[in-house]
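Asker: model this:
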Amino acid sequence: MTELPSPIAGLSALETLRTPKALPKPAGFLARLFGRPLALLAVIWIAIVVVGGLFAGQISSYDPLDQDLLAIKQLPSAEHLLGTDALGRDVLSRLLHGTTPSLVGVVQALAVVSLIGVLLGLSAGYFGGWWDRLVVQYVSLLQAIPVIVVLLSVLSIFGQSMSAAMVTLGILGSAGVSRVVRSVVLGVREELYIAAARISGLGDARIILTHILPRIFGPVVVQLALFACITVVIQTGINFLGLGVPPPAPSWGGMVFEASASINDFPWLLLPTGSVLALTILSFGLLGDSLRDTAVETWAAAAHRHTLQARAPEPIMDAPADTVLALRDLTIVSGQGENARILVDHVNLDLADAETLGIVGESGSGKTLTVLSMLGLLPAGTRMTSGRMSLDGKTIDLCNQGQLEALRGGTMGMIFQEPMAALDPCFTVGHHLAEVIRRHKRGSRTDIERQIIALLHQVRIANPEDVARRYPHQISGGMAQRVGIARALAAEPRILLADEPTTALDVTVQAEILELLRALSASRNMAVVIVTHDWGVVADLCDRAMVLYQGRALETASVVDLFEKPSHPYTAALLKANPHGAKPGEPLPTIEETLRSIQVGAG
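Answerer: Next up is the predicted model:
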């Protein structure tokens, strides 16, 4: 519990809490990219290929066209590092000199497909309407065209010009890229923050550049990487047929053709070129995946991803004797670099057996994150930097997903704020309960059906047999919340976590749900942690309450003490801002106004 020497310190303490704390600056983009072993290997290989192509003449002293009929089909030696071919030409020299045409072709095709595909998909998905319909028809037309036939026709018309073929390939390949980009943009443009950006007056170009492009970078870069792989394969096939780089000039496809002619008596010849082709294609794919993961990891991180490494945490020794759950030094942050922000700041929590603890505070104070961290369910873009948890005296590593997953359901149940969001619309109420029972208890079909009816009876649903057959859209919000509670209770958890379970309900149903939680806690001897911003819920249901502000726990006390003699000025201000205690005809005081009045009174 945080105590201040006098109420006058309340306002300054509030300002101190609002001051953002500096976080260690995370590694830059390149450092995070090269921190991935597969990405590093892919970059190293592509760099070797590029350098080999640019400096082919300096690396190998042999002319790729020079023949030595006295040294045909030789295995690698000190004189010829990769051996010689059927005409005595140095394989390494031909491989290096054949690199440049392949890489130039990939760059040409990528440039065209990026320009056309990304622009068409982005504009069609964002603007929609007639332009979207036109782009969709154009894309469908391109995808109906046989690519190989068109490429062969272009090569015959333009005198086996590989540049013309690669530009054509880029135009035809833009159809697939634009289709993927369009589908991603269609989802992103419906996000609320896009609507908020429009309302704030931002133009379309600004929204696309700053809000749309960063979110679609992952799918775009993966599509381009896959297209680069396909381009290498198509180029190799064209040169294999002798329709690209004219023999005897070296090319990767031409060398594969030469190796195929000697496959029976000299199979080694296929290994150098085949290995280079395979490693180059693999490197493009791995680099694309790594670029996607690195670029979007700040907002598309998995819910269970933490920067804290899994370790054996120190046991919690200062918890009271009757404590069933103890949480220590929990810190959660979001963002990277200058945008990094502390969301939960070294929070400690104790929960006694059969106790109901309320976590109360303003929106954004870190209440829900504190609860979700106990189950390893932190949302995307957040990460835990410190924290320890003890359950019945047993230390739990908050970074060990295996330990946290074992707690879900059987040890800890969870009731979510939005009842409908927690129920899959494709399955009936009975199915939702049955899958939990099968996972934690098992039993025959008849026994499971009996348990389903008993659970629905327990949460006071009058016609459980009928409700069990309904789908979520066929029941009311209050009934959906009761089903959510029944689902959380199906595995008979020791601790129940409730994230604002009455927020989405009307006043009458709220009272019923609170009474239900109180009765279930008493009948099952179950500890409850309830997240709320409603002081009425705290007074009606909780034994103790913890006040959070800006991620910090200001004080924890019994509900009676908290209401009658709050020790922190912020708690007193929060209580006065409670609408339930408002006087008719008088404006509700804000927290800042109350703190200033306390400061003036103390002066």
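
Asker: Skipping adjacent residues, who's closest to residue 572 in space?
Answerer: The shortest distance from residue 572 to any non-neighbouring residue, by Cβ to Cβ, 6 or more residues apart in numbering, is to residue 566 (4.7 Å). The C-beta positions use only the backbone N, C-alpha and C, and glycine is treated the same way.

Asker: where does residue 417 fall, helix, sheet strand or coil?
Answerer: What DSSP: H, G, I helix; E, B strand; the rest coil gives for residue 417 is coil.

Asker: what sits against it?
Answerer: Counting by Cβ atoms under 8 Å, 6 or more residues apart in numbering, residue 417 makes contact with 368, 499-501, 503-504.

Asker: which of those residues are buried?
Answerer: 368, 499-501, 504 (16 or more other Cβ atoms under 10 Å).

Asker: Let's have those residues in TSV, adding pLDDT, distance to residue 544 and secondary structure.
Answerer: Putting the buried ones among the contacts of residue 417 into TSV (pLDDT from 0 to 100; distance: Cβ to Cβ, whole Å; DSSP: H, G, I helix; E, B strand; the rest coil) gives the following:
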residue	pLDDT	distance to residue 544	secondary structure
368	89	19	helix
499	89	18	strand
500	86	18	coil
501	83	18	coil
504	63	25	coil
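
Asker: The residues you listed into a markdown table, with extra columns for distance to residue 513?
Answerer: Shown next, in a markdown table, are these (distance: Cβ to Cβ, whole Å):
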| residue | distance to residue 513 |
| --- | --- |
| 368 | 18 |
| 499 | 13 |
| 500 | 11 |
| 501 | 6 |
| 504 | 10 |
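
Asker: from memory residue 231 sits against residue 172, does it?
Answerer: No - applying Cβ atoms under 8 Å, one finds residue 231 not in contact with residue 172, separated by 11.2 Å.

Asker: Please say which of those two ends up with more neighbours.
Answerer: Shown here are residue 231 and residue 172; by other Cβ atoms under 10 Å, residue 231 has more neighbours (24 against 20).

Asker: what helix or strand does that one sit in?
Answerer: Counting by DSSP states H and E, the element that carries residue 231 is helix 213-240.

Asker: average pLDDT for that helix?
Answerer: Helix 213-240 carries an average pLDDT of 91.

Asker: One more: stretch 39-56?
Answerer: Averaging pLDDT along stretch 39-56 gives 93.

Asker: Give the buried residues for that stretch.
Answerer: 39, 41-43, 45-46, 49, 52-53, 56.

Asker: chain center to that stretch, what's the gap?
Answerer: Stretch 39-56 has its C-alpha centroid displaced from the chain centroid by 31 Å (Cα atoms, centre = their mean, to the nearest Å).

Asker: Over to stretch 536-556?
Answerer: 31 Å.

Asker: can you pull out the helices in the stretch 401-550 of the chain?
Answerer: With DSSP state H, counting those that start in this stretch, the ranges of helices along the stretch 401-550 of the chain come out as 401-407, 429-440, 445-458, 464-468, 477-489, 507-524, 535-541.

Asker: what's the distance between the nearest residue to residue 589 once chain neighbours are set aside and residue 371?
Answerer: Leaving aside its sequence neighbours, residue 589 sits nearest to residue 576 (Cβ to Cβ, 6+ apart; 5.4 Å). The spacing between residue 576 and residue 371, counted by Cβ to Cβ, to the nearest Å, is 26 Å.

Asker: which of the two has more neighbours?
Answerer: Comparing residue 576 with residue 371 by other Cβ under 10 Å, the one with more neighbours is residue 371, at 21 against 18.

Asker: is it true that that one touches residue 528?
Answerer: No - the pair residue 371 / residue 528 is not scored as a contact, 11.2 Å apart, by Cβ under 8 Å.

Asker: any common contacting residues for the two?
Answerer: residue 497.

Asker: about what we covered before: can you spell out which helices and strands pack onto the helix holding residue 231?
Answerer: helix 99-113, helix 147-157, helix 162-188, helix 252-261, helix 270-296 (3 or more Cβ pairs under 8 Å, 6 or more residues apart in numbering; DSSP states H and E).

Asker: Can you add distance to residue 331 and mean pLDDT and give those helices back as a markdown table?
Answerer: As requested, these are arranged in a markdown table below (distance: least, Cβ to Cβ, whole Å; pLDDT from 0 to 100):
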| stretch | distance to residue 331 | mean pLDDT |
| --- | --- | --- |
| helix 99-113 | 43 | 92 |
| helix 147-157 | 54 | 91 |
| helix 162-188 | 31 | 92 |
| helix 252-261 | 53 | 91 |
| helix 270-296 | 24 | 90 |
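
Asker: Would you mind listing the buried residues in stretch 358-369?
Answerer: Within stretch 358-369, the residues that count as buried by 16+ other Cβ under 10 Å are 358-361, 365-369.

Asker: How about stretch 148-167?
Answerer: So, applying 16+ other Cβ under 10 Å, buried residues of stretch 148-167: 151, 154-155, 160, 162, 164-167.

Asker: how far off helix 252-261 does the helix holding residue 231 point, in degrees?
Answerer: 40 degrees (axes from the mean of the first three to the mean of the last three Cα atoms, to 10 degrees).

Asker: any idea how far helix 213-240 is from the chain center?
Answerer: Centre to centre, stretch against its chain (Cα atoms, centre = their mean), the figure for helix 213-240 is 24 Å.

Asker: where does the stretch 1-150 of the chain have low pLDDT?
Answerer: 1-27 (pLDDT under 70).

Asker: can you pull out the helices in it?
Answerer: Along the stretch 1-150 of the chain, counting by DSSP H, counting those that start in this stretch, helices occupy 9-18, 29-34, 37-54, 56-59, 91-97, 99-113, 119-127, 129-143, 147-157.
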